[in-house]
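In: sequence plus predicted model, see below.
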Amino acid sequence: MKNNLPSPREGSGASLRFLALAIVSITMMFAYFFTDVMSPLEPMLTLPVEQGGLGWSSDDYGFFSGSYGFFNVFLLLLFFGGVVLDRFGIRFAGVLSTGLMLVGALVKWWAVSRDFSGFVVLPFGLGEYGVQIIWACVGFALFGVGCEIAGITVSKIIVKWFTGYELAFAMGLQVALARIGTAAALAFSLPFARALGEVHYSVGLGAALLAVGMLAFLVYCVIDRANDRRIAAASEQGSDGGFRFADLRLLLFNRGFWYIALLCLMFYAGVFPFLKFATKLMVFKYGVSDALAGLIPAMLPFGTIFLTPFFGSLYDRYGRGATLMLLGSVLLFSVHAVLALPLNHWVLAIVMMALLGVSFGMVPSAMWPSVPKIIPMKLLGTAYALIFYIQNIGLSLVPVWIGKVNQRHTDAATGLIDYTETMIIFALFGLLAIVISVLLLREDRLKGYGLEQRNIV
C-alpha cells in the first residue's frame with residue numbers, strides 16, 4: 001500500500017496537540033463567520049435605500065458573493081500562497097494570511113457603511129455595478145486570499161501535529177468549529193443587523209472577530225516555535241523549506257490528486273454558493289418569514305459540527321474514506337434534485353437541509369485527510385493550494401452565474417424568484433461529484449493510496 005504520510009511526530013502529547021488544534025480552529029471559525037456574514041443579509045441588501053437597505057439587485061449580490069475568489073482565481077494568489085507556505089513555513093504563512101483577512105474585512109466594512117454615487121462599467125461584458133459594490137468586492141476578494149491561505153496553512157498544521165494519530169478526527173473538529181462560525185453568521189447576522197438598523201454592524205462584528213483570530217494565531221506561533229525547539233522533528237522542518245518547482249510534476253501527473261481536486265470543485269460548488277442564496281430561497285419558495293429564514297440553512301453547518309468529527313473518527317479507525325466521499329456526493333445530488341421539484345412545504349426544506357448536513361459531514365471529513373496519502377509532506381501546502389484554487393473557481397463563478405439566473409427568473413411585478421433552474425444547476429454539481437467519486441474509488445484500488453485504509457497506525 002502506497003502511503004505518503006510522514007512518520008508520527010514524537011514528543012507531542014495529546015494535550016499539546018489538541019491545544020494547538022483548538023487555537024488554529026478558533027482562527028478559522030471567525031474566518032468562516034465573516035465569509036458568510038452577508039449571506040443572510042440579502043433580503044436587507046436588496047431593499048430600497050429609503051427602506052433601510054442598500055438597493056442591490058440579485059445580480060449585484062451574486063457578483064459580490066463571487067468576488068470572494070476573484071483574486072485567488074484570476075491573479076493566482078492562492079497558488080503562490082501555497083508555495084509561500086511550503087517555502088517559508090507555517091508560522092510565516094499564517095501571520096500573513098490572518099493579516100490579509102483583517103485588512104480585507106476592514107475594506108468591506110468601510111464600503112458597506114458609506115454612501116457612494118456612480119457606477120463602474122467592467123470589461124469583458126461583465127456588466128455595470130455601483131461604486132459601493134466594487135469596493136465591497138475588493139475587500140471581500142482580499143479577505144478571500146487571506147482566508148484560503150489560512151485554510152491550507154491550518155490543514156498543514158493538522159497534518160504536522162496529528163499524522164499517525166487522530167488525523168481525520170482532528171480535521172473534522174477543525175471543520176466543525178468552522179461550521180459553528182458559518183452557522184452563527186447564517187442564524188444571527190440578519191437579526192443583529194436589523195436590531196441595530198444597519199447592514200454594516202454585522203460586517204463590523206465579523207471584522208472584530210477576525211482581529212481576535214489573528215491574535216489567537218500569534219499565540220499558536222509561540223507554542224509551535226517552542227515545540228519545534230524542543231523536538232528534533234526533521235521531517236516537518238525540512239519540508240517547510242524543501243519546495244522545488246520541478247516537484248510539481250508529482251501533482252500535475254497524479255490522477256488521484258486531480259480526482260480529489262475536481263471532487264472538491266463540484267462538491268463545494270453545490271454547497272457554499274447554495275448557502276449564499278438559501279435564505280431568500282426559504283422566503284420565496286417555502287414561505288418562511290424573512291426573520292426566521294436564515295435558521296433553516298443554519299441547520300446545515302450546525303449538523304456538521306457533530307457529523308464531521310464523527311465521520312472523521314470512523315475514517316481514522318475503520319477506513320473507507322473514498323466510500324464516504326461517494327455516499328456524500330449521492331446525498332448532495334439527491335437533496336438538490338428534491339429542492340428543484342415543485343414542492344414548497346417548509347418541513348421538506350428542513351428535512352433536505354438535515355440531509356445536506358449529513359453530506360457536508362461525510363465528504364470533507366474524508367477528502368482533506370486523504371490528500372496526505374497521495375502527496376508528499378514537502379508539497380502538501382502547494383497541493384492544498386491547488387485544490388483550494390480549483391475550489392475557488394467554483395466559489396467565484398457559480399454565485400455570479402446563479403445571481404444572473406435568479407435575476408432572469410425574477411417576476412418584474414412581484415419581485416418573486418423562480419428557483420427551479422437554480423436548483424437544477426446545483427443538482428448537476430452533485431451528479432458530477434458522484435461520477436468523480438466513483439473514478440477516485442477505482443483509482444485508489446489501482447494505485448493503492450490507502451484511501452480505504454484507516455489512519456491510526
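Out: Sure thing, it's come through.

In: quick one: distance of stretch 320-332 to the chain centre.
Out: Relative to its chain's centre, stretch 320-332 lies at 18 Å (Cα atoms, centre = their mean, to the nearest Å).

In: contact partners for residue 329?
Out: Counting by Cβ atoms under 8 Å, 6 or more residues apart in numbering, residue 329 touches 263, 266, 267, 359, 363, 430, 433, 434, 436, 437. (Glycine included, C-beta is placed from N, CA and C.)

In: most widely separated two among those?
Out: Largest separation among the contacts of residue 329 by Cβ to Cβ: 359 and 436, giving 14.6 Å.

In: okay, these two: which has more neighbours?
Out: residue 359 (27 against 22; other Cβ atoms under 10 Å).

In: does the more buried one really touch residue 331, like I thought?
Out: Yes - using Cβ atoms under 8 Å, residue 359 and residue 331 qualify as a contacting pair, with a distance of 3.7 Å.

In: neighbours around residue 455, how many?
Out: Using other Cβ under 10 Å: residue 455 sits among 29 other residues.

In: look at it and report its pLDDT.
Out: pLDDT, the model's per-residue confidence, is 85 for residue 455.

In: also residue 232?
Out: Residue 232 is given a pLDDT of 50.

In: go on, residue 292?
Out: Residue 292 carries a pLDDT value of 76.

In: with the one 10 residues further on instead?
Out: At residue 302, the pLDDT value in this model is 73.

In: what sits closest to it if chain neighbours are left out?
Out: With sequence-adjacent residues excluded and distances taken as Cβ to Cβ, 6 or more residues apart in numbering, residue 302 is closest to residue 183, at 4.5 Å.

In: which residue packs closest to residue 152, ignoring adjacent ones?
Out: Nearest one to residue 152, counting by Cβ to Cβ, 6+ apart, is residue 384 at 3.8 Å.

In: quick one: buried residues of the particular helix or strand that has the one you found in it?
Out: Using DSSP states H and E, residue 384 falls within helix 380-408. By 16 or more other Cβ atoms under 10 Å, the buried positions in helix 380-408 come out as 380-392, 394-403, 405-406.

In: next: stretch 159-176.
Out: 159-163, 165-176.

In: show me where this structure has its strands.
Out: Applying DSSP state E to the chain gives strands spanning 119-122, 127-130.

In: weakest of these by average pLDDT?
Out: Among the strands of the chain, strand 119-122 scores lowest, with a mean of 81.

In: now the residue lying closest to residue 225 once chain neighbours are set aside: how far from residue 218?
Out: Spatial nearest neighbour of residue 225, excluding adjacent residues (Cβ to Cβ, 6+ apart): residue 91 at 6.8 Å. Separation of residue 91 from residue 218 (Cβ to Cβ, to the nearest Å): 9 Å.

In: of those two, which one has the most company?
Out: Neighbour count, other Cβ under 10 Å: between residue 91 and residue 218, residue 91 has more, with 19 against 15.

In: so the more buried one makes contact with residue 227?
Out: No - judged on Cβ under 8 Å, residue 91 makes no contact with residue 227 at a distance of 11.6 Å.

In: so where is the stretch 251-400 of the chain shaky, pLDDT-wise?
Out: Of all residues in the stretch 251-400 of the chain, those with pLDDT under 70 make up the ranges 291.

In: can you pull out the helices in it?
Out: Along the stretch 251-400 of the chain, the segments classed as helices by DSSP state H, counting those that start in this stretch run 255-269, 272-284, 295-318, 321-339, 346-374, 380-408.

In: quick one on the thing from earlier: what's near enough to touch the residue nearest to residue 302?
Out: 298, 300, 301, 302, 305.

In: mind doing that once more with 6 Å?
Out: If you count contacts by Cβ atoms under 6 Å, 6 or more residues apart in numbering, residue 183 has them with 298, 301, 302.

In: compare those and tell me which is most surrounded.
Out: Neighbour max across the contacts of residue 183 (other Cβ under 10 Å) = residue 301, 29 neighbours.

In: is it true that it touches residue 182?
Out: Yes - in terms of Cβ atoms under 6 Å, residue 301 counts as a neighbour of residue 182; the distance is 4.1 Å.

In: isn't residue 148 up against residue 78?
Out: Yes - at 4.9 Å, residue 148 counts as touching residue 78 under the criterion of Cβ under 6 Å.

In: give the intersection of the neighbour lists for these two.
Out: Listed as contacting both residue 148 and residue 78 by Cβ under 6 Å, 6+ apart are 72, 388.

In: quick one, the helix holding residue 384 and helix 255-269 angle?
Out: In terms of direction (axes from the mean of the first three to the mean of the last three Cα atoms, to 10 degrees), helix 380-408 departs from helix 255-269 by 40 degrees.

In: what's helix 380-408 packed up against?
Out: The helices and strands touching helix 380-408, judged by 3 or more Cβ pairs under 6 Å, 6 or more residues apart in numbering; DSSP states H and E, are helix 58-66, helix 70-74, helix 77-88, helix 131-162, helix 255-269, helix 272-284, helix 420-447.
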